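Colleague: what's the 3D shape of this:
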Amino acid sequence: MIVVTAALAVSAAAVGGGLRLAGDDPDEPHGGDAHTAAPGCGLVPEEAIAGALPGAVLESAESGPLAGGESTECVWTSAGRIDGADGGEANGNGEQGVLRVELSARFTDASAEPVVTGEEFAARAQSAVVPMRGETVVLAPGAEGADGGGDAAAGEGIEAEVWRGQVPGTAELAFHEDNLLVRVSYSAMDGDDPVPFDRARETVMDFAGQLGEAL
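Modeller: Numbering: from 1, shown residues only. Below is the predicted model:
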């Protein structure tokens, strides 16, 4: 489990290093910003966490400023602990893993010419973190294995981008809702082997769909 967690931390840092910037205070939200602060970890539905990573516990929850906004980062882990009652795995399938969520509220820059809205900043930030291998999908809340964006009717679900993480068994995803950028990273091991990417991809999409509905 230590190896998995450390590997995911390296992957997350490589992808997200550009998001957090130095600064004593976040910029102030504008009247047109739907999200005037980064939501806390309590916003993430417990059922979504349990579905993605059974037996998970919240390992860390951090909030702080970034240039032009503020951000919250939440990390859950599951070690596949043994259930003493029946000798089985506590999470039912022996998987151990890490689930990471970052919620970044981007604020409108009214001093710019022309004005740059928080939603525009969130869209730009999403483009900056998604690698070339990113795949556009539409998240259907509560549905498994959402189809690619081209197959969904306009206005249905949330458009997101998902990609294979740097660490085997990892899928990462990003989308923005108004001026809030949401990033999710899921990494898991099944016994001694990383879970297949298709399974990680489906898990992170199902989780993100439920999170998007909560937003």
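Colleague: I'd like to know how far the one residue sitting closest to the centre of the chain sits from Val137.
Modeller: Nearest to the geometric centre of the chain sits Val184, at 1.5 Å (C-alpha atoms, centre = their mean). Using C-beta to C-beta, to the nearest Å, Val184 is found at 12 Å from Val137. In this view, the C-beta of every residue, glycine as well, is placed from N, C-alpha and C.
Colleague: ok so, going back, can you name the residues bridging to the residue nearest to the centre of the chain?
Modeller: Going by DSSP bridges, Val184 is paired in beta bridges with Val101, Leu173.
Colleague: ok, it - contacts?
Modeller: When contacts are counted by C-beta atoms under 8 Å, 6 or more residues apart in numbering, Val184 touches Leu99, Arg100, Val101, Glu102, Glu172, Leu173, Ala174, Val204, Phe207, Ala208, Leu211.
Colleague: Test my guess that the third one contacts Gly212.
Modeller: No: counting by C-beta atoms under 8 Å, Val101 stays clear of Gly212, with 11.6 Å between them.
Colleague: which residues are common contacts for these two?
Modeller: Residues touching both Val101 and Gly212 (C-beta under 8 Å, 6+ apart): Val182.
Colleague: more crowded one of the two?
Modeller: Using other C-beta atoms under 10 Å as the criterion, Val101 and Gly212 rank with Val101 on top: 24 against 18.
Colleague: for the residue nearest to Ala34 when sequence neighbours are not counted, what are its contacts?
Modeller: Spatial nearest neighbour of Ala34, excluding adjacent residues (C-beta to C-beta, 6 or more residues apart in numbering): Asp178 at 3.7 Å. If you count contacts by C-beta under 8 Å, 6+ apart, Asp178 has them with Asp33, Ala34, His35, Gly118, Glu119, Ala122.
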